[in-house]
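1. 3D model of this:
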Amino acid sequence: MAVLVIADHDGSAVRDTTHKTVTAAKAISGDVDVLVLGKGAQAVADAAARIDGVRKVLLAEGEGVSHGLAEAVEATVVPLAANYDAVLVPANTDGKNYAPRIAAKLDVAPISDIVEVVSADTFVRPIYAGNALETIQTSDAKKVITVRPTAFTAAGEGGSASIETVAAAEGAKIAFVSEEMVKSDRPELGAAKIIVSGGRALGSAEEFAAVIEPLADKLGAAVGASRAAVDAGYAPNDYQVGQTGKVVAPQVYIAVGISGAIQHLAGMKDSKVIVAINKDADAPIFQVADYGIVGDYKTVVPELMSALG
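-> All right, here's what the predicted structure looks like:
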């Protein structure tokens, strides 16, 4: 039984999500290959070849697959799937985009957001915003699976896999037009070790920037937000943490003015240490917090900043 992992990368390096997806793949089979899609992605393939447990790296380079367009990715992966029993991708924006299309072309049911591999055909995934876990068993000959990276440890380095070039398909019906990249000195939200998140209680975009961002900069942290804060316009969409945003599991998660709706908790409750600051002592966030401060953030955050020096 062989497994193909589609690498998540930034064009020059393999992201940590790939290492974690490889760990999930190794729990299914000892024969794990990694597919690198992109343009000028030789450095990415070299990095993927060093992941422990990877048997072979397949490098597909072309303009059509350089931006992760679902049609081009599917057209590249489906012919390769004949050699594999399972295709695994991280459950991020890109993976959720093309995994269903790959599954449809293979005429199988996709298995989404797994957090545990029980056996080669049995998996565990969260349902009801993470309030319950569902164990599912599939009879499909081929499996297309998205993996929640925060649930798995990252595979180590030290591998020496061979690299093989394969054909990359072009997206015939769609074309990439443009993209806008937001550059920041802060860590990427999905991979940050420390996250400072703000909620609706901040009251305005100006207050959010004045309170949350200095604290994040002081800690070298990423900035997050609840859906309520994003919907109110206090923070951009890519800051959103929760069921309909990013799922994170940092070492430290600081929630400022966040009540703790189940949709938000679904995205951050696996954090190693959760610190909650809220003036409502009955806020649900305190039920999952390791450390809770009942008080006005306007007083607590400046005191915290002062204590940090």
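
2. mind checking pLDDT for residue 172?
-> Residue 172 is assigned 62 on the pLDDT scale.

3. same question, residue 46
-> 96.

4. can you say which helix or strand has the closest residue to it other than its chain neighbours in it?
-> Once flanking residues are discounted, residue 46 sits nearest to residue 163: 7.3 Å by CB to CB, 6 or more residues apart in numbering. Any C-beta I mention is one placed from the backbone N, CA and C, and that applies to glycine too. Using DSSP states H and E, residue 163 falls within strand 162-165.

5. which outside residues touch that strand?
-> 45-46, 49, 56-61 (CB atoms under 8 Å, 6 or more residues apart in numbering).

6. spatially central residue in this structure, please.
-> Central residue of the chain (CA atoms, centre = their mean): residue 92, 4.4 Å from the mean position.

7. first-to-last residue distance for stretch 106-121?
-> 17 Å (CA to CA, to the nearest Å).

8. run a quick neighbour tally on residue 283.
-> Per other CB atoms under 10 Å, the neighbour tally for residue 283 reads 22.

9. could you check the pLDDT of the residue lying closest to it once chain neighbours are set aside?
-> Distances taken as CB to CB, 6+ apart place residue 259 nearest to residue 283, at 4.8 Å, with adjacent residues excluded. Per-residue confidence (pLDDT) for residue 259: 95.

10. what separates residue 60 from residue 76, distance-wise?
-> Per CB to CB, to the nearest Å, residue 60 is found 5 Å from residue 76.

11. what do you get for residue 112?
-> When residue 112 is compared with residue 76 (using CB to CB), they lie 21 Å apart.

12. re the thing from before, now the strand holding residue 163: mean pLDDT?
-> pLDDT averaged over strand 162-165 gives 96.

13. on that earlier part again, so for residue 112 and residue 76, which residue has more residues nearby?
-> Comparing residue 112 with residue 76 by other CB under 10 Å, the one with more neighbours is residue 76, at 25 against 19.

14. correct me if wrong: that one contacts residue 102.
-> No - if you go by CB atoms under 8 Å, residue 76 and residue 102 don't touch, sitting 9.7 Å apart.

15. sorry, back to before: for the residue nearest to residue 283, grab the count of nearby residues.
-> 19.

16. repeat that for the one 3 residues further on.
-> Using other CB under 10 Å, residue 262 has 14 other residues around it.

17. now do residue 43
-> When neighbours are counted by other CB under 10 Å, residue 43 registers 15.

18. ok, the residue nearest to it when sequence neighbours are not counted to residue 46 distance?
-> Leaving aside its chain neighbours, residue 43 sits nearest to residue 12 (5.6 Å; criterion: CB to CB, 6+ apart). For residue 12, the distance to residue 46 (CB to CB) stands at 11 Å.

19. those two: which has the busier surroundings?
-> Shown here are residue 12 and residue 46; by other CB under 10 Å, residue 46 has more neighbours (16 against 11).

20. any idea how far the more buried one is from residue 15?
-> Taking CB to CB, one finds residue 46 at 15 Å from residue 15.

21. which SSE is residue 145 in?
-> strand 143-147.

22. can you spell out which helices and strands pack onto that strand?
-> On a contact count with 3 or more CB pairs under 8 Å, 6 or more residues apart in numbering; DSSP states H and E, strand 143-147 meets helix 16-28, strand 86-90, helix 93-106, strand 111-114.

23. could you check the angle strand 143-147 makes with the longest one?
-> With axes from the mean of the first three to the mean of the last three CA atoms, to 10 degrees as the criterion, the two stretches helix 93-106 and strand 143-147 enclose an angle of 170 degrees.

24. got the angle between helix 93-106 and strand 86-90?
-> Computed by the same axes, to 10 degrees, the angle between helix 93-106 and strand 86-90 is 160 degrees.
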